[in-house]
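>>> Test case, fold it:
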Amino acid sequence: MTTQQDNPRLVRSRTLERIVTGVETRDGAGVTLTRVLTQDLQQRLDPFLMLDAFGSSDPKDYIAGFPDHPHRGFETVTYMLEGRMRHRDSAGHEGVLGPGGVQWMKAGRGVIHSEIPEQQDGVMEGFQLWLNLPARHKMSAPWYRDIPESHIPVYRTAAGATVKVIAGASDGVTGAMQREETHPVYLDVALPAGSRFAARLPCGHNAFLYVYRGAVSVGGEVVARRHMGILSNAADADGVEIVAEGDARLIVVAGKPIGEPIVQYGPFVMTTRDEILRTIQDFREGRFAGQGADPIFEKETT
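Numbering: from 1, shown residues only. A predicted model of the protein is given here:
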């Protein structure tokens, strides 16, 4: 862990444009979760397509997991707070995601994967974020990387905030992942009661925060636990200042907009309806990675 000096002084903090309450739902084989970033927010929060928050100590809420299902056209970022999940996919990748770890998977031109819990009881908690790909990369080869907690940079501010830098950079600390297409920033921030934390964010990025412990405020407006705050895009704002209303923990996410049409059909995200129809046909005809018609794939390990 790196100890930093005081948080950077911002010229102007972003404000809260809107507070969002997630939608309770079930997905996979009956996993209980909260869908926080829904389809109606995709254009506003481009390049992010979806954020699911899951957390339960009841095995009935998660034990069946997510059996084999396809994806095309985007990346999935799974961040596990507690619990263990095994990933397998048709491109030949396999790994176990443990507490504090991240799995970053590019579906690209098509992959079939499963995510199944490696536990029979205890807490299973974390997030899955969907990150769009620009049209020119949607048909690239599937790729994936497991990042254990020990490989994610962490720093502590003089005010006592602890910051895990999953992607991008914060206060001079480079994160575990860098993506050239969308330049995402993904921070997990733990704040002691009454403390302040400032994060610089590129002014052109769309950004949001999600509070999963306690509550925080931005510009005097409170974001309660299990709520998302969409941050404004003021041209002269160079970051966001967050105040902990009590002990709090949250994720801060930002990314460079792609600015292209978004056409989603379930687990497929392309830029036109014709591409979606072709995707459905390719899946039915076995043209995703590992199905016999597309043997090319890449793998990166930590």
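
>>> how about the closest residue in space to residue 10 that isn't next to it in sequence, what does it touch?
Nearest non-adjacent residue to residue 10, counting by C-beta to C-beta, 6 or more residues apart in numbering: residue 239, 4.6 Å away. (Each C-beta comes from the backbone N, C-alpha and C, glycine too.) For residue 239, the contact set (C-beta atoms under 8 Å, 6 or more residues apart in numbering) comprises 8, 10, 13, 14, 198, 199, 200, 201.

>>> low-scoring stretches of the stretch 201-302 of the chain, by residue?
292-302 (pLDDT under 70).

>>> Residue 116: which element?
Using DSSP states H and E, residue 116 sits in strand 111-117.

>>> Which elements pack onto the very next helix or strand once past that strand?
The helix or strand immediately downstream of strand 111-117 is strand 124-132, counting by DSSP H and E. Judged by 3 or more C-beta pairs under 8 Å, 6 or more residues apart in numbering; DSSP states H and E, the packing partners of strand 124-132 are strand 48-56, strand 74-82, strand 248-255.

>>> Strand 124-132: partners in the sheet, and parallel or antiparallel?
Strand pairing for strand 124-132, using DSSP bridges, gives strand 48-56 (antiparallel), strand 74-82 (antiparallel).

>>> and for that strand, what are the contacting residues?
Strand 124-132 is contacted from outside by 37, 42, 46-57, 61-62, 73-83, 85, 117, 179, 182, 184, 186, 210, 251, 253, 255, 258, 262, 269, using C-beta under 8 Å, 6+ apart.

>>> repeat that with 7 Å
Strand 124-132 is contacted by residues 46-56, 62, 74-83, 117, 182, 184, 251, 253, 255, 258, 262, 269 when judged by C-beta atoms under 7 Å, 6 or more residues apart in numbering.

>>> just stretch 257-274 next, same as before
Taking C-beta under 7 Å, 6+ apart as the rule, stretch 257-274 contacts 39, 42-43, 46-47, 49, 69-74, 132, 134-135, 138, 182, 206, 276, 279.

>>> Stretch 217-229 now?
Residues from elsewhere that reach stretch 217-229 (C-beta under 7 Å, 6+ apart): 13, 15-16, 19-22, 34, 36-37, 208-216, 240, 242-243, 245.

>>> Let's see which of the residues you listed end up in strands.
16, 19-21, 34, 36-37, 208-213, 216, 240, 242-243 (DSSP state E).

>>> buried set for the strand holding residue 116?
In terms of neighbour count (16 or more other C-beta atoms under 10 Å), strand 111-117 has its buried residues at 111, 112, 113, 114, 115, 116, 117.
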